[in-house]
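Asker: sequence and computational prediction follow.
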Amino acid sequence: MAGRLHITTLGCQMNEYDSGRMADLLRSESGLETTADPEQADVLLLNTCSVREKAQEKVFSLLGRWRRLKQRRPDLVIGVGGCVASQEGEAILQRAPFVDLVFGPQTIHRLPGMIEQLRASGRAQVDVSFPEIEKFDRLPEPRVAGAAAFVSIMEGCSRFCSYCIVPFTRGAEISRPFAQVLAEVEGLLDGGVREVTLLGQNVNAWRGALPGGGHGDLATLIRHLARLNGLERLRFTTSHPLEFGDALIDAYAEVPQLADYLHLPVQSGSDRILALMQRGYTRLEYRHKVRRLRAVRPQLSLSSDFIVGFPGETEADFRQTLELIAEVGFDQSFSFVYSARPGTPAANLPDVVPRELALERLARLQERVDGQARTISAAMVGSVQRVLVERPARRNPRQLAGRTSNMRWVNFDGPAGLVHRFVDVHITEALPNSLRGRLVA
């Protein structure tokens, strides 16, 4: 079945990774080549996110536009995957009967067979089961596209924070085998990748059997990967503070390939709200981990997730969050107004915060973090930064753009042959959303 495939991806980096693997799979098994234009596609796939209500609304809005394409071309295959598919299942077909495929995050490897069954039977196919780690055994080798790559090392989450739908849509935590992760990273490095980001909903819960016997944790895996020839930079996301143990902190002292950037979601600075969220730690415990990290890696930039307007959040609770932001010196944030997800314990909590008030608090929080980020950027002026060149600069294609270890974009003059390579750049200027620099000879 040759033809063209278009995938629209919503949500997290795990979804981006899954979309890439879907494209690899359908190329190798079904002969489908990807296209950026939905109107040119024979198969349209939407990889969805259900973490927030607006993301779910976006799914059906986009499907409404795709329906018009299906009306013009009845043979067009439309599929919905990801967390909304896992959550809604066959209910998607009731709301959007023109959809042909519904598949969950754990069944993307079954897509070629589902499409064959659809063609043979003419009936929509639904598979939102949780077949543990089977999908990684059935996916082809990932294609290398650039010098940076994602590698999923585990699936699911077993934390059950009171507001979160992920344990219900992606299942319980399951770690990929050590040898499988090692082999995937080695293949990427052989193809020219130099920076790898390890992915998981709760990535520091990874556990795996080691070749010499015994079991290792994420810190063990990081140490093994750091020994591979060609790996210059290593990142991991997303971490839960509760499982950010001593071994992982020690890795920041001893593994230079670990980037000077860590995403460590705290969600709130109020112990009362953290307890309602069922996060399992206090503000003091979170700060203790940060102090220990900064003791071994002083230049570490921290980003975090924040939920504003959680049920019952008072102005005093919110001020404690602002105080924590200042104390920790967060460099970036992914912050959102609380969105009740059906079926989660928090959806039944009283004292809902008015949306207007929550939005006002969100603006204050983002202003605080943005101010801190500008201060950190300004302090980088005059320094020399190791930059992975990723592409030509957007505004001036004669320049190059790359990222520093602490996730700053830097634009600078340089030859196109440096794309996908690491270079040293002298930072000359800090702008609101990027840095400017000069290539070090």
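Answerer: Now that the structure is in, tell me what you want to look at.
Asker: make it CA atoms for all contacts and neighbour counts henceforth
Answerer: OK.
Asker: what's across from the closest residue to Val77 other than its chain neighbours in the sheet?
Answerer: Leaving out its chain neighbours, the residue that sits closest to Val77 by Cα to Cα, 6 or more residues apart in numbering is Val43, at 4.7 Å. For Val43, the beta-bridge partners are Leu5, Val77 (DSSP bridges).
Asker: before we move on, what about the one 4 residues further on?
Answerer: Here Asn47 sits in beta bridges with Thr9, Gly81, going by DSSP bridges.
Asker: number of residues surrounding it?
Answerer: 26 (other Cα atoms under 10 Å).
Asker: what's the answer for Glu155, then?
Answerer: Glu155: 24 surrounding residues under other Cα under 10 Å.
Asker: also Ala393?
Answerer: 18.
Asker: check Thr197 too.
Answerer: 20.
Asker: so which elements touch whatever helix or strand it lives in?
Answerer: When elements are defined using DSSP states H and E, Thr197 is found to belong to strand 195-199. Judged by 3 or more Cα pairs under 8 Å, 6 or more residues apart in numbering; DSSP states H and E, strand 195-199 is in contact with strand 148-152, strand 233-237.
Asker: of all the ones you listed, which lies closest to Arg52?
Answerer: If you check each of those against Arg52 by Cα to Cα, strand 233-237 wins as the nearest, at 19.1 Å.
Asker: re the thing from before, among the helices and strands packed on strand 195-199, show the one with the smallest mean pLDDT.
Answerer: Within those, confidence is poorest for strand 148-152, with a mean of 94 (mean pLDDT).
Asker: name the strands paired with that one and say parallel or antiparallel.
Answerer: For strand 148-152, pairing defined by DSSP bridges yields strand 195-199 (parallel).
Asker: contact partners of the strand it pairs with?
Answerer: Under the criterion Cα atoms under 8 Å, 6 or more residues apart in numbering, residues 13-14, 147-154, 185, 231-238 lie in contact with strand 195-199.
Asker: what average pLDDT does that strand get?
Answerer: In this model, strand 195-199 has a mean pLDDT of 97.
Asker: so what's the nearest residue to Asp331 once chain neighbours are set aside up against?
Answerer: Distance criterion Cα to Cα, 6+ apart; nearest residue to Asp331, sequence neighbours excluded, is Ala373 at 4.7 Å. For Ala373, the contacting residues are 330-332, taking Cα under 8 Å, 6+ apart as the criterion.
Asker: which ones among these lie within strands?
Answerer: The subset of the contacts of Ala373 located in strands under the criterion DSSP state E comprises Gln332.
Asker: can you pull out the helices in this structure?
Answerer: Using DSSP state H, the helices of the chain run over residues 13-30, 53-72, 82-88, 91-95, 111-121, 134-138, 166-170, 178-190, 218-226, 246-254, 271-277, 283-296, 315-328, 355-380.
Asker: hey, which of those helices is tucked in deepest?
Answerer: Among the helices of the chain, ranked by average contacts under mean count of other Cα atoms under 10 Å, first place goes to helix 82-88 (a mean of 25).
Asker: who are the packing partners of that helix?
Answerer: Under the contact rule (3+ Cα pairs under 8 Å, 6+ apart), helix 82-88 is packed against strand 43-48, strand 101-103, helix 166-170.
Asker: give me the residues contacting the shortest one.
Answerer: Read it as strand 101-103. Under the criterion Cα under 8 Å, 6+ apart, residues 77-82, 85-86, 89-90, 92, 111, 114-115, 124-128 lie in contact with strand 101-103.
Asker: what's the answer for stretch 204-212, then?
Answerer: The list of residues contacting stretch 204-212 from outside it, by Cα under 8 Å, 6+ apart, reads 153-154, 173-179, 215-218, 238-240, 243-244.
Asker: now those residues: which count as buried?
Answerer: 153-154, 173-178, 217-218, 238-240, 244 (16 or more other Cα atoms under 10 Å).
Asker: in the chain, where is pLDDT below threshold?
Answerer: The model of the chain has pLDDT under 70 over residues 1, 132-133.
Asker: tally up the residues packed near the closest residue to Met380 other than its chain neighbours, please.
Answerer: For Met380, the nearest residue in space outside its immediate sequence neighbours is Ile427; the separation is 6.7 Å by Cα to Cα, 6+ apart. For Ile427, the number of neighbouring residues by other Cα under 10 Å comes to 24.
Asker: OK, contacts around Ile427?
Answerer: Residues near Ile427 by Cα under 8 Å, 6+ apart: 380-385, 435-438.
Asker: about what we covered before: inside strands: which ones of the contacts of stretch 204-212?
Answerer: Cross-referencing these with the strands (criterion: DSSP E) gives 154, 174-175, 215-217 as the overlap.
Asker: farthest-separated two in those residues?
Answerer: Between any two of these, the greatest separation by Cα to Cα is 15.2 Å, found for Met154 and His215.
Asker: do I have it right that Phe310 meets Val353?
Answerer: Yes - under the contact definition of Cα atoms under 8 Å, Phe310 touches Val353, with a separation of 6.9 Å.
Asker: so between these two, which is more surrounded?
Answerer: Phe310 (27 against 18).
Asker: residues near the nearest residue to that one once chain neighbours are set aside, how many?
Answerer: Nearest in space to Phe310, with sequence neighbours left out and distances taken as Cα to Cα, 6+ apart, is Tyr338 at 5.3 Å. Counted with other Cα under 10 Å, the neighbours of Tyr338 add up to 21.
Asker: what's the distance between Tyr338 and Glu360?
Answerer: Applying Cα to Cα, to the nearest Å, one obtains 13 Å for the distance of Tyr338 from Glu360.
Asker: for Gly245, same thing?
Answerer: Looking at Gly245 against Glu360, where the rule is Cα to Cα, the gap reads 35 Å.
Asker: what's the closest of the helices and strands packed on strand 195-199 to Arg319?
Answerer: That would be strand 233-237 among the helices and strands packed on strand 195-199, by Cα to Cα, at 27.2 Å.
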